[in-house]
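In: show me how the following folds:
(4 chains)
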Protein chains: 2
Amino acid sequence: MKSGRRYKNAVYEQFARITKAVASPKRLELLDLLCQGERTVEELAKQAEISVANASQHLQVLRVARLVETERHGVFIVYRLAGQRVCDFFQTIKTLAEQHLAEIEQITRQYLQNQPDLESVDRETLRERVRTGAVTVLDVRPAEEYRAGHIPGALCVPIERLDQYLQSLPTEQEIVAYCRGPYCVLAVEAVSKLKGKGFLAVRMEDGVQEWRAQGLPVTIGEEP
Amino acid sequence: MKSGRRYKNAVYEQFARITKAVASPKRLELLDLLCQGERTVEELAKQAEISVANASQHLQVLRVARLVETERHGVFIVYRLAGQRVCDFFQTIKTLAEQHLAEIEQITRQYLQNQPDLESVDRETLRERVRTGAVTVLDVRPAEEYRAGHIPGALCVPIERLDQYLQSLPTEQEIVAYCRGPYCVLAVEAVSKLKGKGFLAVRMEDGVQEWRAQGLPVTIGEEP
DNA sequence: GTTATAATCAATTAATCAATTGAATATCAA
DNA sequence: TTGATATTCAATTGATTAATTGATTATAAC
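Out: As a prediction, the model looks like this:
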């Protein structure tokens, strides 16, 4: 075999290390979670709804491909993305899939149809209403994701603690809930619960990644 | 299982259709070739050095993932990328691999070391020298790729026809050869041959994709 | 030291995938 | 219609891969 061919094979083999690492639905879900912020193996396993051993194995595949890195914090091992570029890469995959695979829109439509009447609000409208204080925005992701970055003015109301916040929420003013983006179901569930309790709740499809990608501001840490 | 989980699984499954399609070195090579321009199955098979049947199968995997599309031209079937976005996606993979996998640089260095002393010239220098006419630029890719887009002022000299052009090339002036980019070996081979014949030849690492990505102009069709 | 917890490792199974071969299909031209 | 060519299909092989299970390692608290 010519040396040129051997070289080419070696190079494409390296490229494929990256693509093979992301060629699994579960690993894509783990990457998606890690785009929202760093996490321990246990948290990742729980949120992706797989066993810890299985999550550990998937994470190591991602690590060997240098897409994620780890750090030991006492008895925990924290995984995080190996850079913003990896998050961008995941967003690219997402966008490509959305634009090339009509099935995704279909699956989403089907899912949303099975949810009780669910309006949603777009970015621009929301931003204007937040600015004028005409709306209450809830970030229903886990608190650590909120701290890693949230939409300015949003309240940190993790979905599992939504019940505790119910009495402090306005009953007349509109409430907008968002989570990790269009394929995350937290906001859908939050809105469903809020509407059941008589609130005026709508969902925003975008997550922080989409918001940031539009060049819109993101607040890091706690709200003042 | 909750409907939220079923929905998530379905969505990530769709994302993975894209990533599984690119999770093979050979399919990445085919995509790389298609980034340079459309081609028939036979041409792709020949350039990737695999059997036609094998190429056909790989191409169909890419087609099912909607990354490429086909058109029948008589007895030929022409494959092309399903949009500029797919080319960008491939470039993203390439960049990510280059930046995260030190092995690639190592492999490249090793390959170039085995080639007889091979200088290379960067984009900016080349552009300036082309502008002032101080250099002859050769595009050593196949003619159809040249027509699909080439660096302004470059001559179309496919490597397999290089011999025929030898007498019309300047012997005193510097000659710069380029091909599909840093991992393509055509320019390396062309420079090697030219230097063997006594020409002042150097290689430019960038291909048209890299050139274009810098916002530099690209000429489509034949030179005037 | 002992214990509890987080994470990884090792071994297994079923499933999926890459490449090869030879046959089948589609188009065009004689 | 027949023959030639480009491509795809179908069946087979060997190689990877995902998920599960139970055992093992590493750390911190007692």
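
In: per-residue confidence at the residue nearest to the spatial centre of chain A?
Out: Nearest to the geometric centre of chain A sits A:R180, at 3.2 Å (C-alpha atoms, centre = their mean). For A:R180, the pLDDT comes out at 86.

In: and for it, nearest residue in space, chain neighbours not counted?
Out: A:G207 (4.3 Å; C-beta to C-beta, 6 or more residues apart in numbering or on different chains). To be clear about C-beta, it is placed using only N, CA and C from the backbone, and glycine gets the same treatment.

In: and the one you found, what are its phi and psi?
Out: phi -110, psi -170 (degrees, to the nearest 10).

In: how close does it get to A:A45?
Out: Plainly put, A:G207 is 21 Å away from A:A45 if you go by C-beta to C-beta, to the nearest Å.

In: what about the lengthiest helix in chain A, average pLDDT?
Out: The helix spanning the most residues in chain A, taking DSSP state H as the definition, is helix A:3-21. Computed over helix A:3-21, the mean pLDDT rounds to 89.

In: what parts of chain A come near DNA strand D?
Out: Residues of chain A found near DNA strand D (C-beta under 7 Å from any atom of the strand) are A:20, A:23-24, A:26-27, A:50-51, A:53-54, A:57-58, A:61, A:72, A:74-75.

In: okay, A:G207 and A:A45: which has more neighbours?
Out: The neighbour comparison of A:G207 against A:A45 (other C-beta atoms under 10 Å in any protein chain shown) goes to A:G207, with 25 against 20.

In: any idea how far the more buried one lies from chain B?
Out: As for A:G207, its distance to chain B is 13 Å (criterion: C-beta to the nearest C-beta, to the nearest Å).

In: which ones are touching that residue?
Out: A:36, A:178-182, A:184 (C-beta atoms under 8 Å, 6 or more residues apart in numbering or on different chains).

In: quick revisit: the residue nearest to the centre of chain A touches A:G37, doesn't it?
Out: No - contact criterion C-beta atoms under 8 Å: A:R180 and A:G37 do not qualify, at 10.4 Å.

In: ok, and the closest non-adjacent residue to A:E144?
Out: A:G37 (5.7 Å).

In: where in chain A is the helix or strand with the lowest mean pLDDT?
Out: strand A:120-121 (a mean of 70; mean pLDDT, DSSP states H and E).

In: any idea which helix or strand comes after it?
Out: The C-terminal neighbour of strand A:120-121 among helices and strands, as given by DSSP states H and E, is helix A:123-131.

In: show me what that following helix is packed against.
Out: The contact analysis (3 or more C-beta pairs under 8 Å, 6 or more residues apart in numbering or on different chains; DSSP states H and E) places helix A:123-131 against strand A:135-139, strand A:174-178.

In: what's the closest of these to A:E222?
Out: Closest approach to A:E222 among the helices and strands packed on helix A:123-131 (C-beta to C-beta): strand A:135-139, 11.8 Å.

In: re earlier: from the contacts of A:G207, which is closest to chain B?
Out: Set against chain B, the nearest of the contacts of A:G207 by C-beta to the nearest C-beta is A:C184 (8.0 Å).

In: okay, the closest one: pLDDT?
Out: At A:C184, pLDDT is 80.

In: give me the below-cutoff pLDDT ranges for chain A.
Out: A:1-3, A:115-120, A:223-224 (pLDDT under 70).

In: any of the contacts of A:G207 buried? List them.
Out: A:36, A:178-182, A:184 (16 or more other C-beta atoms under 10 Å in any protein chain shown).

In: need those in CSV (columns: distance to A:I220 and secondary structure).
Out: As requested, the buried ones among the contacts of A:G207 are exported to CSV (distance: C-beta to C-beta, whole Å; DSSP: H, G, I helix; E, B strand; the rest coil):
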residue, distance to A:I220, secondary structure
A:Q36, 13, helix
A:Y178, 16, strand
A:C179, 18, coil
A:R180, 17, coil
A:G181, 18, coil
A:P182, 23, coil
A:C184, 20, coil
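
In: and the residues you listed, which two are the farthest apart?
Out: Between all members of the buried ones among the contacts of A:G207, the farthest pair (by C-beta to C-beta) comes out as A:Q36 and A:P182, at 14.1 Å.

In: and the residues of chain A next to DNA strand D near chain B, which?
Out: Taking C-beta under 8 Å from any C-beta of the partner chain, the overlap between the residues of chain A next to DNA strand D and the neighbourhood of chain B is A:20, A:23-24, A:26.
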